[in-house]
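A.B. asks: Sequence plus the predicted model coming up.
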Amino acid sequence: MSFGGPVVAGTRIGNESSEVIPESSSLRPILNQIIIEPLEWRPSDIISVVYRGRTLRGKVKAVGPGKYGWKYDGRKGKRTKRWLSKHFVPTQVKVGDIVELGGLELEGYLHKTFIWGTKEHVVCTEDDVAAILDP
């Protein structure tokens, strides 16, 4: 990726991918990663909103099984060591859920994107989900 001039501090470089996956393919994310198909974002008709970021709402297309959490050595209030716990935490988000990723005030988060069939999709973790909306 080339830029016309020097990169100024605070400039966001995109995480777009040129990866194109056929629509007939099935995807299986690992750990607690989820694949989201962005939905069109419509701001309020009453309040004038200027939005320059990415879509923050989307439909979940694929979900990973979950992950093992971290355990910490908490002696004397310091975290000196960490290791994977034996407790498996399954993913709470289900396929078909409508989720909000948050980050409108930051002009949208920078997630990895790819093209699945003819539509752009976003890969993020369950930790990035701000809310699961009711259908």
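C.D. replies: Cool, the structure landed.
A.B. asks: Residue 57 pairs with what?
C.D. replies: Counting by DSSP bridges, residue 57 is bridged to residue 100.
A.B. asks: My read is that it contacts residue 37, right?
C.D. replies: No - in this structure, residue 57 is not within contact of residue 37 by CB atoms under 8 Å, at 10.4 Å. From N, CA and C alone the C-beta is placed, and that goes for glycine too.
A.B. asks: Got the confidence number for residue 110?
C.D. replies: Note on residue 110: pLDDT of 71.
A.B. asks: how close does it sit to residue 25?
C.D. replies: Distance of residue 110 to residue 25, computed by CB to CB, to the nearest Å: 25 Å.
A.B. asks: Name the strands paired with the longest strand anywhere in the chain and say parallel or antiparallel.
C.D. replies: In the chain, taking DSSP state E as the definition, the longest strand is strand 82-90. The strands beside strand 82-90 in its sheet (DSSP bridges) come out as strand 66-72 (antiparallel).
A.B. asks: Pull out the buried residues from the partner strand.
C.D. replies: For strand 66-72, the neighbour count (16 or more other CB atoms under 10 Å) marks residue 67 as buried.
A.B. asks: Residues contacting that strand, please?
C.D. replies: Strand 66-72 has contacts (CB atoms under 8 Å, 6 or more residues apart in numbering) with 31-32, 79, 81-91.
A.B. asks: repeat for stretch 90-100
C.D. replies: Stretch 90-100 has contacts (CB under 8 Å, 6+ apart) with 32, 34, 36, 39, 56-66, 126, 129-133, 135.
A.B. asks: All the strands of the chain, in order from the start?
C.D. replies: Per DSSP E, the chain carries strands over the ranges 20-21, 33-38, 57-63, 66-72, 82-90, 98-100, 112-116, 119-125, 131-133.
A.B. asks: Wait, residue 20 touches residue 119, no?
C.D. replies: No - using CB under 8 Å, residue 20 is not in contact with residue 119, being 10.9 Å away.
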